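Trainee: sequence first, then the predicted structure:
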Amino acid sequence: ETKSTMDSLIPIIQKLQDVFQMAGLGKAPVDLPQLIVVGSQSAGKSSVLEKIVGRDFLPRGSTIVTRRPLVLQLINTKIHTQPGGDSKEWGEFLHRKGEKIYSFERIKQEINAETDRVVGRNCGISSEPINLKIYSPSVLDLTLVDLPGITKNPVGDQPPDIEVRIRNMAIQYISNPNSIIVAVSPANADMANSESLKLARDIDPEGHRTLGVLTKIDLMDKGTNAWDMLNGKVIKLRHGYVGMVNRSQADINNGKTVRQQISDEAKFFRSHNAYRSIAEKLGTGYLTERLNSILVNHINKVLPSMCSKITQQLLEKEAKLRELGAPVPSDDKGGVLLQILLKYSKAFADAIDGKLQNLTQNDLCGGSRISDIFHNVFARSLHRIQPFDDLSDHQIRTAILNATATKPSLFVTEDSFQLLVKRQIARLKTPSVQCSELVYDELRRIASQCETLTLELGRFPDLKRRLSECTRDLIRRKLEPTKEMIANLINIELSYIKTTHPDFISSAKAMALAKNQATQQSESRQKELLAGLTETLNSITVAGDDKLPDVPPVLRSQDISDYDKGTSETRIIKTLIQSYFNIVQKIVKDAVPKAVMHFLVQGCRNSIQGELVKSLYKVNLFEDLMSEEPHTKKEREELTKMITVLRKAVKVVKAVQDHSVGA
């Protein structure tokens with residue numbers, strides 16, 4: 001990377017911070033690289049920051065002073081100001097954008113005033129940051145976030161949970177994986193008890209993104225020094241430690257300037273026996289250069305992934321906004337309504353025709369499910385109905401005898417055949433009607449899917465509800481004539497038994513089959529018949545007086561003596577029934593799906609558009625039907641705001657990428 005490109009990296013992040021902060025998003029959509037300064041209330045954080053800036057600009061006091069995060073952006077005017085520009089030092093607050101404040105005492109007052117504006121004059125705290133830019137030819141480009149100092153015990157008007165609140169705020173900032181933790185600790189205290197280092201270790205246990213700053217080195221007990229601490233012998237950090245010597249309260253009271261202290265600090269380290277050999281790696285100048293180097297390298301490392309994340313978020317938000325759609329103008333509500341009705345109707349028809357591209361590819365849907373009902377569910381159910389279900393030979397023989405009545409018959413009567421075959425044909429009605437009901441359920445399912453696929457309906461709850469009601473009502477109304485037609489199909493078959501059907505077996509052939517199936521009666525059967533006859537004659541004889549026996553109250557077909565003839569007739573009837581039932585079963589299997597398709601499926605498909613337009617496209621309904629949910633309007637506003645911010649962010653990042661390519 002060229003130096004000019006590297007110099008532009010920190011300003012790029014500063015611009016992104018401004019963009020996100022001005023948008024009032026609360027939390028940036030991406031984790032920005034930044035230096036987070038943490039430390040206890042008495043660790044000397046404010047003094048460190050003032051020395052980095054080279055000016056006295058932070059409020060001071062005996063209690064907690066920093067009560068809101070201070071996002072401090074340092075901009076070197078030698079690098080970033082055009083020739084002939086302002087060569088002075090000044091500050092600019094984001095909440096007073098464009099106003100240059102040349103007095104650092106006024107900057108201090110504004111920090112106090114802005115803090116009080118949000119959290120009041122008591123000792124409350126807020127995570128809402130104050131953004132301050134310092135323009136100076138004496139600073140290096142840096143972005144630091146100064147957090148409220150960690151305090152153990154509340155004093156004065158501080159809330160009792162002040163420690164927990166400050167700690168949670170610090171964790172929120174340092175949990176950003178793209179941040180560098182600047183842990184400020186007093187060298188004259190036990191490092192094992194350092195609040196800043198303990199906090200850093202909780203989030204960054206390996207110390208990979210933590211830099212230690214040791215203050216008050218000049219106040220250590222005589223005979224001790226910070227050599228081991230500075231060289232990572234006590235607690236090791238990847239970015240190491242930098243020692244500092246800050247102004248005392250007496251120095252401040254006596255008017256000692258920050259820049260005088262920086263000069264005295266350098267003299268202290270150069271003259272101290274323990275620090276003389278490493279003096280060039282101690283003090284404010286080295287800390288500033290180190291922070292700049294760490295931040296630039298870190299930004300350079302994470303910038304590509306950050307750019308990708310910003311771009312990805314922008315695409316996602318734009319897609320979501322397209323899904324929500326634009327607000328509907330008052331004079332175009334009818335046009336938008338009509339478009340939605342046509343889109344839904346087309347989706348319904350396409351789902352039936354198998355032309356809808358958005359349906360799942362993992363299972364059957366739409367028209368294919370209706371086809372499965374016809375060819376698998378209904379067909380199998382129909383095939384399970386056999387010609388002689390719930391019809392025994394005894395019942396067949398009884399029907400034959402009852403049909404014969406008083407007339408002795410030479411052949412099987414047609415009345416008994418018609419009676420029995422009609423009874424079996426009637427059993428085809430129930431599964432046929434159920435077939436139409438299954439398709440009815442499937443059409444309702446398709447309607448629900450199309451509601452989901454018609455994304456615009458999600459914006460208008462009343463329209464969605466009314467459209468759903470209209471569709472379901474249409475499907476329900478089309479079901480009734482379908483059922484009636486199916487009932488008529490069965491009734492047609494019952495009304496006329498066409499024995500001349502070309503596929504129906506002839507009587508002669510049926511008799512031949514019955515004869516082939518007949519078996520010779522065994523001798524035992526003949527003996528049984530003879531014994532039964534003798535017993536009957538004896539009983540008559542015993543009765544005497546030539547009196548006939550009483551007729552049994554219940555007379556069954558097996559009580560009739562002509563067994564061979566009865567068996568033969570039963571076989572003939574069964575052959576005829578099976579032949580004719582199979583013919584009707586095929587007719588029903590073919591006709592029912594056709595009836596369902598014509599009256600129900602195609603009836604709904606072809607009339608849904610007209611039905612919806614007729615019922616819903618009415619001027620007096622436009623206002624109600626095209627009313628959005630309140631949360632939809634709010635979500636659109638938030639998305640529009642976020643998209644604007646992300647587009648600005650993309651533009652900012654692209655500028656540094658183009659600069660890098662040009663270099």
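Mentor: Received it, and whenever you're ready, just let me know what you need.
Trainee: surely V71 touches T143?
Mentor: Yes: at 7.2 Å, V71 counts as touching T143 under the criterion of C-beta atoms under 8 Å. Glycine gets a C-beta too; all of them are placed from N, C-alpha and C.
Trainee: give me the more crowded residue out of the two.
Mentor: For V71 versus T143, neighbours defined as other C-beta atoms under 10 Å are more numerous around T143 (23 against 20).
Trainee: helices or strands next to the host helix or strand of that one in the packing?
Mentor: Following DSSP states H and E, one finds T143 within strand 142-146. Contact partners of strand 142-146 among helices and strands, from 3 or more C-beta pairs under 8 Å, 6 or more residues apart in numbering; DSSP states H and E: helix 9-22, strand 34-39, helix 45-53, strand 70-76, helix 284-324.
Trainee: now do the shared contacts for V71 and T143.
Mentor: Common contact partners of V71 and T143 (C-beta atoms under 8 Å, 6 or more residues apart in numbering): 17, 34.
Trainee: ranges for the strands of the stretch 101-250 of the chain?
Mentor: Assigned by DSSP state E, counting those that start in this stretch, the strands in the stretch 101-250 of the chain fall at 130-136, 142-146, 179-186, 210-215, 241-243.
Trainee: the residue sitting nearest the centre point of the chain and L639, how far apart?
Mentor: Nearest to the geometric centre of the chain sits K320, at 12.3 Å (C-alpha atoms, centre = their mean). Per C-beta to C-beta, to the nearest Å, K320 is found 6 Å from L639.
Trainee: after the helix or strand containing T452, next one along is what?
Mentor: In this structure, T452 sits in helix 429-453 according to DSSP H and E. With elements assigned by DSSP H and E, the helix or strand that comes after helix 429-453 is helix 461-495.
Trainee: next, the angle from that following helix to helix 429-453.
Mentor: Helix 461-495 and helix 429-453 meet at an angle of 160 degrees, taking axes from the mean of the first three to the mean of the last three C-alpha atoms, to 10 degrees as the criterion.
Trainee: can you pull the buried residues of helix 461-495?
Mentor: Across helix 461-495, burial judged by 16 or more other C-beta atoms under 10 Å covers 463-464, 466-467, 470-471, 474-475, 478-479, 482-483, 485-486, 489-490, 493-494.
Trainee: for stretch 50-66, same thing?
Mentor: 50-58, 64-66.
Trainee: residues contacting L94?
Mentor: Contacts of L94 by C-beta under 8 Å, 6+ apart are 18, 21-22, 130-133.
Trainee: now with 7 Å, please.
Mentor: L94 is in contact with 18, 21-22, 131, counting by C-beta atoms under 7 Å, 6 or more residues apart in numbering.
Trainee: got phi/psi on it?
Mentor: phi -70, psi -30 (degrees, to the nearest 10).
Trainee: and the gap between it and G283?
Mentor: From L94 over to G283 the distance is 31 Å, taken as C-beta to C-beta.
Trainee: over to D590?
Mentor: Distance check for D590 against G283: by C-beta to C-beta, it reads 98 Å.
Trainee: the two - which one has more neighbours?
Mentor: Of the pair D590 and G283, G283 is the one with more neighbours under other C-beta under 10 Å, namely 23 against 9.
Trainee: residues contacting the more buried one?
Mentor: Taking C-beta under 7 Å, 6+ apart as the test, what G283 contacts is 244, 265-266, 269.
Trainee: farthest pair within those residues?
Mentor: Farthest pair in those (C-beta to C-beta) is M244 and A266. Separation: 11.2 Å.
Trainee: host element of G91?
Mentor: Counting by DSSP H and E, the element that carries G91 is strand 90-93.
Trainee: show residues contacting that strand.
Mentor: Contact partners of strand 90-93, identified using C-beta under 7 Å, 6+ apart, comprise 99-102, 107, 110, 131-135.
Trainee: 6 Å instead?
Mentor: 100-102, 107, 132-135 (C-beta atoms under 6 Å, 6 or more residues apart in numbering).
Trainee: make TSV from those residues and add pLDDT and distance to R647 to it.
Mentor: As requested, the contacts of strand 90-93 are exported to TSV (pLDDT from 0 to 100; distance: C-beta to C-beta, whole Å):
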residue	pLDDT	distance to R647
K100	92	28
I101	93	31
Y102	92	34
I107	93	32
L132	92	26
K133	91	23
I134	92	28
Y135	90	27
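Trainee: from those, list the buried ones, please.
Mentor: Among these, those buried by neighbour count (16+ other C-beta under 10 Å) are 101, 107, 132-135.
Trainee: for burial, what's the neighbour tally of K648?
Mentor: A count of nearby residues for K648, using other C-beta under 10 Å, gives 17.
Trainee: likewise for P205?
Mentor: P205 has 9 neighbours, counted by other C-beta under 10 Å.
Trainee: circling back to that earlier point, what's the distance between the residue nearest to the centre of the chain and I310?
Mentor: K320 is 16 Å from I310, by C-beta to C-beta.
Trainee: in stretch 571-591, what counts as buried?
Mentor: In stretch 571-591, counting by 16+ other C-beta under 10 Å, buried: 571-581, 583-585, 587-589, 591.
Trainee: check stretch 620-627 too.
Mentor: Buried residues in stretch 620-627, counted by 16+ other C-beta under 10 Å: 621-622, 625-627.
Trainee: and those, which is closest to Y275?
Mentor: The closest of the buried residues of stretch 620-627, once distances to Y275 are taken by C-beta to C-beta, is S627, at 73.5 Å.
Trainee: so for the closest residue to that closest one other than its chain neighbours, what's the pLDDT?
Mentor: Using C-beta to C-beta, 6 or more residues apart in numbering and skipping the chain neighbours, the partner closest in space to S627 is D462 (6.1 Å). D462 carries a pLDDT value of 90.
Trainee: thought D462 was touching M626?
Mentor: No: in this structure, D462 is not within contact of M626 by C-beta atoms under 6 Å, at 8.3 Å.
Trainee: got a winner among the contacts of G283 for most neighbours?
Mentor: When neighbours are taken as other C-beta under 10 Å, the top entry among these is M244 (27 neighbours).
Trainee: residues near the residue lying closest to that residue once chain neighbours are set aside, how many?
Mentor: Computed as C-beta to C-beta, 6+ apart, the closest residue to M244 that is not its neighbour in sequence is T215, at 4.8 Å. By the criterion of other C-beta under 10 Å, T215 has 24 neighbours.
Trainee: identify the bridge partners of T215.
Mentor: Taking DSSP bridges as the rule, T215 bridges to P186.
Trainee: need the contact list for it.
Mentor: Shown in contact with T215 (C-beta under 6 Å, 6+ apart): 44, 186, 244, 246.
Trainee: same thing but at 8 Å, please
Mentor: 43-44, 47-48, 184-187, 244-246.
Trainee: how much space is there between it and T311?
Mentor: Distance from T215 to T311, by C-beta to C-beta: 42 Å.
Trainee: and stretch 231-251, what's buried?
Mentor: Buried residues in stretch 231-251, counted by 16+ other C-beta under 10 Å: 234-235, 237, 239, 241-247, 251.
Trainee: now, among those residues, which is nearest to K614?
Mentor: Using C-beta to C-beta, H239 is the member of the buried residues of stretch 231-251 that lies nearest K614, at 73.8 Å.
Trainee: the closest one reaches I294, doesn't it?
Mentor: Yes: distance between H239 and I294: 6.0 Å, which falls inside the contact criterion (C-beta under 8 Å).
Trainee: what touches both of the two?
Mentor: Common neighbours of H239 and I294 (C-beta under 8 Å, 6+ apart) are 180, 211.
Trainee: quick one: contacts for L391?
Mentor: The neighbours of L391, taking C-beta under 8 Å, 6+ apart as the test, are 420, 423-424, 577.
Trainee: make CSV from the contacts of strand 90-93 and add distance to S607 to it.
Mentor: Output for those, formatted as CSV (distance: C-beta to C-beta, whole Å):
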residue, distance to S607
K100, 72
I101, 73
Y102, 78
I107, 74
L132, 68
K133, 67
I134, 73
Y135, 72
